[in-house]
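A.B. asks: Provide a 3D model corresponding to the input given below.
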Amino acid sequence: IMAFHKFNIFHWHLTDDQGWRFEVPEYPKLVKVGSVRMDNTLPEEKYGVYDDRDPGKMFYTEKDIKDVINYAAKRCITIIPEVEFPGHVSALLASYPELGCTGGPYKVENRWGIFPDVLCLGNDKIFKLYDAAIGTLAHLFPGPYIHIGGDECPHERWETCPKCKKRMKENHLSKSSELQSWGTSQI
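C.D. replies: Presented below is the predicted three-dimensional model:
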């Protein structure tokens, strides 16, 4: 349908609060924990319930991703993968709670919205995880772009987090919004 209407870009949202949907070999909990929701809250439809699938596999394997890329390429469609940073990361935090400002507990969200728990930008370990995740995406996707999100990120946790406050002081940042810009430049 996209090719028929001459759309040639497919923006593939692979992570968010509701799930981490691709494997990163160095971080297996991202799919073991982060791809599984506790329950379903989406409405019933005429022929059943949305997302009524095996909760054990709510992510794409490398083969699945390559199949989609090949399918799109045959139709002259470039895929831009997205991995969220530094907000919309409930699934990531459920997998690796030490990467958040409070340490949790966190859960993979089953509802839509903007949640206060975001990545702790005072923790250098998040950059190692994103280096591995972006490396995985760069290996899989032939296109020139990877989208890193950045929208709808509340800053309230950073304003009280000792690690984030230390990072801000070290980098002469006066506002938490500047901390987000700093983190984005690191990615």
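A.B. asks: State the pLDDT value of F7.
C.D. replies: On pLDDT, F7 comes in at 84.
A.B. asks: And it, its phi and psi?
C.D. replies: phi -80, psi 130 (degrees, to the nearest 10).
A.B. asks: ok, how many other residues are close to it?
C.D. replies: 11 (other CB atoms under 10 Å). Where you see a C-beta, it was placed from the backbone N, CA and C, and this is true even at glycine.
A.B. asks: surely it meets I77?
C.D. replies: Yes: F7 is in contact with I77 according to CB atoms under 8 Å; the separation is 7.3 Å.
A.B. asks: Quick check: next helix or strand after the longest helix along the chain?
C.D. replies: Identified as the longest helix of the chain according to DSSP state H is helix 125-140. The C-terminal neighbour of helix 125-140 among helices and strands, as given by DSSP states H and E, is helix 156-160.
A.B. asks: name the helices or strands packed onto that following helix?
C.D. replies: Judged by 3 or more CB pairs under 8 Å, 6 or more residues apart in numbering; DSSP states H and E, helix 156-160 is in contact with helix 162-170, helix 176-186.
A.B. asks: Out of the ones you listed, which is closest to G143?
C.D. replies: Closest to G143 of those is helix 176-186 (CB to CB; 20.1 Å).
A.B. asks: related to what we said a few turns ago, and the longest helix of the chain, how far out from the chain's middle?
C.D. replies: 11 Å (CA atoms, centre = their mean, to the nearest Å).
A.B. asks: who touches that helix?
C.D. replies: By CB atoms under 8 Å, 6 or more residues apart in numbering, the residues outside helix 125-140 that reach it are 14, 22-27, 30, 62, 65-66, 69, 81, 83, 85-86, 92, 96, 98-99, 119-120, 146, 148, 186-187.
A.B. asks: For that helix, list every residue counted as buried.
C.D. replies: Within helix 125-140, the residues scored as buried using 16 or more other CB atoms under 10 Å are I126, L129, Y130, A133, I134, T136, L137, L140.
A.B. asks: again, but for stretch 163-181
C.D. replies: Under the neighbour-count criterion of 16+ other CB under 10 Å, stretch 163-181 has C164, K165, R167, M168, L173, S176, L179, Q180 buried.
A.B. asks: Now tabulate these in TSV and tack on pLDDT and distance to A3.
C.D. replies: Listed next are the buried residues of stretch 163-181 as TSV, based on pLDDT from 0 to 100; distance: CB to CB, whole Å:
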residue	pLDDT	distance to A3
C164	98	45
K165	97	50
R167	98	45
M168	97	47
L173	97	45
S176	91	43
L179	97	42
Q180	96	37
